[in-house]
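J.: Quick one: sequence plus predicted model below, questions after.
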Amino acid sequence: MNLSKRILSKFESIMNETLMSDKLALAFSTQMIKEFESAYLYFKMAEYADFQDFEGISRYFLERAEEEMIHANKIAKFLSDRGNRIIFQDIKAPSFSADGILSLFKETLDHEILVTKLINELKDLARSENDHAADHFLNWFVEEQIEEEKSSAIVLKKAELAEGDPAAMIEFDKELGEEN
């Protein structure tokens, strides 16, 4: 066997040792799609807020959408770094019933709680498969979700306080726009 074939064979052997199981790779690919769906949801919320002339709130949701895209890209890179291929799936259109600006923030908190559940389930799967690299990688997402839920709850509380008071809602919109 010539040198290049031996090197290629050794490389393939190393890559096979780092591959995730098919089940775990599918679960990571699914979570990546969920992150894209989250971005899509926040884009829809941004559009709704913009249509209602709340520019600051729209910027807030656009920033959230960008963050979700970063999360999806992190997962895609991790899959690639592990030698796995992404298993592409359809991205579902977001469904929420916008019943005023306040409903956007209620939906956001509910959605982040759901994402936390999904991340925890993925972490449980990684642990059940003794995939320490995947388990470790997901720690960042666990910490991120703690922050996402906390910030979503704070913004919801502020929106609730501003609800029904046009001057307070204008100030709330301005505040969110300045933060993002």
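T.: Cool, the structure landed. Numbers count the residues shown, from 1 in each chain.
J.: what's the closest non-adjacent residue to Glu47?
T.: Among residues not flanking Glu47 along the chain, Ser58 sits closest, at 7.5 Å (C-beta to C-beta, 6 or more residues apart in numbering). In short, each C-beta sits where N, CA and C put it, glycine included.
J.: So Phe88: helix, strand or coil?
T.: Secondary structure assignment for Phe88 (DSSP: H, G, I helix; E, B strand; the rest coil): coil.
J.: Next, the contact list for it, please.
T.: Neighbouring residues of Phe88 by C-beta atoms under 8 Å, 6 or more residues apart in numbering: Ser29, Ile33.
J.: what's the spacing between it and Glu55?
T.: 34 Å (C-beta to C-beta, to the nearest Å).
J.: what helix or strand does the residue nearest to Glu47 sit in?
T.: helix 55-81 (DSSP states H and E).
J.: Next: Ile113.
T.: Using DSSP H and E, the element containing Ile113 is helix 101-128.
J.: for that helix, the distance to its chain's centre please.
T.: 9 Å (C-alpha atoms, centre = their mean, to the nearest Å).
J.: So which elements touch that helix?
T.: For helix 101-128, the elements it packs on are helix 22-51, helix 55-81, helix 132-162, judged by 3 or more C-beta pairs under 8 Å, 6 or more residues apart in numbering; DSSP states H and E.
J.: Buried residues in it, which are they?
T.: 101-102, 104-109, 111-112, 115-116, 118-119, 122-123, 125-126 (16 or more other C-beta atoms under 10 Å).
J.: Stretch 164-177 now?
T.: Buried residues in stretch 164-177, defined by neighbour count with 16+ other C-beta under 10 Å: Met169, Phe172, Asp173, Glu175, Leu176.
J.: And stretch 60-78, by the same measure?
T.: So for stretch 60-78, counting by 16+ other C-beta under 10 Å, buried means 60-62, 64-65, 67-69, 71-72, 74-76, 78.
J.: And the furthest pair within those residues?
T.: Using C-beta to C-beta, the two most remote members of the buried residues of stretch 60-78 are Tyr60 and Phe78, lying 27.7 Å apart.
J.: and the closest residue to Asp50 other than its chain neighbours, what is it in contact with?
T.: The shortest distance from Asp50 to any non-neighbouring residue, by C-beta to C-beta, 6+ apart, is to Ser58 (4.0 Å). Contacts of Ser58 were listed using C-beta under 8 Å, 6+ apart, and they are Ala46, Glu47, Ala49, Asp50.
J.: Need the max-distance pair from these.
T.: Glu47 and Ala49 (7.4 Å).
J.: higher neighbour count, those two?
T.: Ala49 (23 against 14; other C-beta atoms under 10 Å).
J.: does Met20 sit in a helix, a strand or a coil?
T.: Following three-state DSSP, Met20 is assigned to coil.
J.: Fine by me, we can end here.
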